[in-house]
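test case, fold it:
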Amino acid sequence: MVPPGPSVPPPIPKAHQAGDGIRSMETSGVFRTLNFELYVKPNKYFMAFGLAAITGVTGYLIWMKQNHADQGLYTAMDDNNELYLTKKRSKWD
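Here you go, the predicted model:
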């Protein structure tokens, strides 16, 4: 028998809203630790710094490759399988 008294309705599950994403799911602490970028808000200052750093490094590599080509150098391998830089020579020299 059910004792008389006020009946308590069961809790209503919270409805998922758009944009909740993976934050609304129940996950383990290990998953949240290894994938913390899924749970933190984006930081525009660090994104701008990262974009500037990647752009700078890419530009530097392109510049170094261009200077290398302008000097007429190329990488060659000698008889001992070691790489070295040498100037491009004509077969007529």
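
nearest residue to the middle of this structure?
Among the residues of the chain, the one closest to the centroid is G50, at 9.7 Å (Cα atoms, centre = their mean).

doesn't that residue belong to a helix?
Yes - under DSSP: H, G, I helix; E, B strand; the rest coil, G50 sits within a helix.

check what pLDDT it gets.
Among the per-residue scores, G50 holds a pLDDT of 93.

so how far is R89 from it?
Here the distance between G50 and R89 works out to 43 Å (Cβ to Cβ, to the nearest Å). The way it works is simple: take the backbone N, C-alpha and C, and place the C-beta from them, glycine included.

just V40 next, same as before
Taking Cβ to Cβ, one finds V40 at 57 Å from R89.

where does the chain have low pLDDT?
For the chain, applying pLDDT under 70 flags the ranges 1-5, 13-24, 93.

what segments of it are helices?
Remark: helices of the chain, listed N- to C-terminal, are 29-34, 44-70; assignment by DSSP state H.

can I get these in a markdown table with distance to N81?
Compiled in a markdown table, the helices of the chain are given as follows (distance: least, Cβ to Cβ, whole Å):
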| stretch | distance to N81 |
| --- | --- |
| helix 29-34 | 41 |
| helix 44-70 | 22 |
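
of all those, which lies closest to M77?
Of all the helices of the chain, helix 44-70 sits nearest to M77, with 16.7 Å by Cβ to Cβ.

pull out the buried positions in the closest one.
For helix 44-70, a neighbour-count test (16 or more other Cβ atoms under 10 Å) marks nothing as buried.

just checking, what packs against that helix?
Based on contacts counted as 3 or more Cβ pairs under 8 Å, 6 or more residues apart in numbering; DSSP states H and E, there is no element that helix 44-70 packs against.

hmm, back to that, indicate which one of the helices of the chain is closest to D79.
Go through these one by one with Cβ to Cβ and the one that ends up closest to D79 is helix 44-70, at 23.6 Å.

so what's the gap between the closest one and the chain middle?
Relative to the centre of its chain, helix 44-70 is centred 16 Å away, using Cα atoms, centre = their mean, to the nearest Å.
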